[in-house]
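K.L.:
pasted the sequence and its predicted model underneath.
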Protein chains: 2
Amino acid sequence: MARAATTADAFNAVAEPRRRQILDVLAAGERPVNDLVTLLGLAQPLVSKHLRVLREVGLVDVRDEGRQRMYRLNGQPLKPIYDWVKNYELSWTRRFDQLDVVLAELNEKEHEDGRGDE
Amino acid sequence: MARAATTADAFNAVAEPRRRQILDVLAAGERPVNDLVTLLGLAQPLVSKHLRVLREVGLVDVRDEGRQRMYRLNGQPLKPIYDWVKNYELSWTRRFDQLDVVLAELNEKEHEDGRGDE
DNA sequence: TTGACGTATCCCCATATGGGTATACGATTG
DNA sequence: CAATCGTATACCCATATGGGGATACGTCAA
C-alpha cells in the first residue's frame, strides 16, 4: 500500500503547503480560480487539482458564476484536526517545565553557577 | 516532484493515522518499541519505520535502556499545526450561523416566493 | 456562427510512500 | 564463547502523488 490518498481526510489534504495557502486565501472570502492562480503564482491546472482535493475533502465549496467558479472555504473538516492537536497543547507547554527541571539538575551538578542560555 | 516527504514537517508526519496512534500512546508515557508493536498490533519493522519518521520530525525522543529503546513524546512540533488550525476555529462555528442565514432565506422564499438561484 | 475566456481533465514522469519479509546489529544472558 | 532478545535496516512492490504541457468543455462576446 502506498501513502494514503490526499483525499482520505483533512489531515492528508492539509499536509500540502499549497493547499493550506489556498485555504488561507479563501479565509478572506470567496474567490474564482484565476485569483488563486495569480495570488499563489501557480500554474492554473495545479490550482484546479489542489482545489479538487480540497473539494473532495469538503474543505471548499464551489459555486458557478458565469464562466467562473467561485470557491468558498468550509472549515468544518478542520475540526477533527483541531480536536486532535488540542489534546497535545499541554505537551509543548509542559515541555518547558521539563526543560527547566533538566536545566536545574545540570546546574546542581555543575555546582558552580552557570545559567545556560537555551 | 512527488508528494512532500513525510519527514518534511509535522503536518506530513501526522497525516498518517498510525503515527497519530503512536503519539496517542506515548502521550500516556514513555514506551519501548515492543509495547507499541503489541498495543497497535502492527509489524515491528513498521512501527520502527513510523517511529523513525516521528523522530526525524522531532515528535519523539529516544533513550537507550539496555537493549530496549524508550520512546517519549515531544509535542512541540505540533504547535505550528495547532496555531494554523486555530485560526479556522471560527470558520466551523460560524458555519452554523451561515446555515441559519440560508435557512432563514429559504423560509422567506417559501413565504413570499421570489428569486430563484441560490 | 466563431472566437476568446475560465476551468477542469488527460497523459507523462520522478519520487517515496506504507506494507511485507528477511536480515543485520547491539545488549544481555547462559 | 554462543544463543537470544529488542530494534533498525535493506529490499521489493503497488500506488498515487505534485508538477508540466496540451487540450477539452462550457460560457459569454462579436
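P.N.:
Structure received.
K.L.:
what about chain A, any weak spots by pLDDT?
P.N.:
A:94-118 (pLDDT under 70).
K.L.:
around chain B, pick out the residues from it.
P.N.:
Within chain A, the positions near chain B by CB under 8 Å from any CB of the partner chain are A:3-4, A:6, A:11-12, A:14-17, A:20, A:23, A:27, A:73-76, A:78-79, A:81-82, A:84-92, A:95. C-beta: built from backbone N, CA, C; applies to glycine.
K.L.:
can you flag the buried ones in these?
P.N.:
Neighbour-count burial (16 or more other CB atoms under 10 Å in any protein chain shown) is assigned, among these, to A:6, A:11-12, A:14-16, A:23, A:73-76, A:78-79, A:81-82, A:84-85, A:88, A:91-92.
K.L.:
please flag which of those residues sit within helices.
P.N.:
Secondary structure defined by DSSP state H assigns A:11-12, A:23, A:79, A:81-82, A:84-85, A:91-92 of these to helices.
K.L.:
identify the farthest-apart pair in these.
P.N.:
A:Leu23 and A:Ser91 (25.3 Å; CB to CB).
K.L.:
just give the number of residues close to the closest residue to A:Ser48 other than its chain neighbours.
P.N.:
In space, A:Ser48 comes closest to A:Val33 once its chain neighbours are excluded; the distance is 6.3 Å by CB to CB, 6 or more residues apart in numbering or on different chains. The local packing of A:Val33 (other CB atoms under 10 Å in any protein chain shown) involves 16 other residues.
K.L.:
if I look at A:Val33, how far off is A:Ala13?
P.N.:
Separation of A:Val33 from A:Ala13 (CB to CB, to the nearest Å): 18 Å.
K.L.:
which residue ranges of chain A form strands?
P.N.:
Along chain A, counting by DSSP state E, strands occupy A:31-32, A:60-65, A:68-73.
K.L.:
touching DNA strand D at all, the shortest one?
P.N.:
It stands for strand A:31-32. No. Using CB under 7 Å from any atom of the strand, strand A:31-32 stays clear of DNA strand D, coming no nearer than 12.1 Å.
K.L.:
for the residue nearest to A:Ser48, what are its contacts?
P.N.:
Counting by CB atoms under 8 Å, 6 or more residues apart in numbering or on different chains, A:Val33 touches A:44, A:47-48, A:51, A:68-69, A:71.
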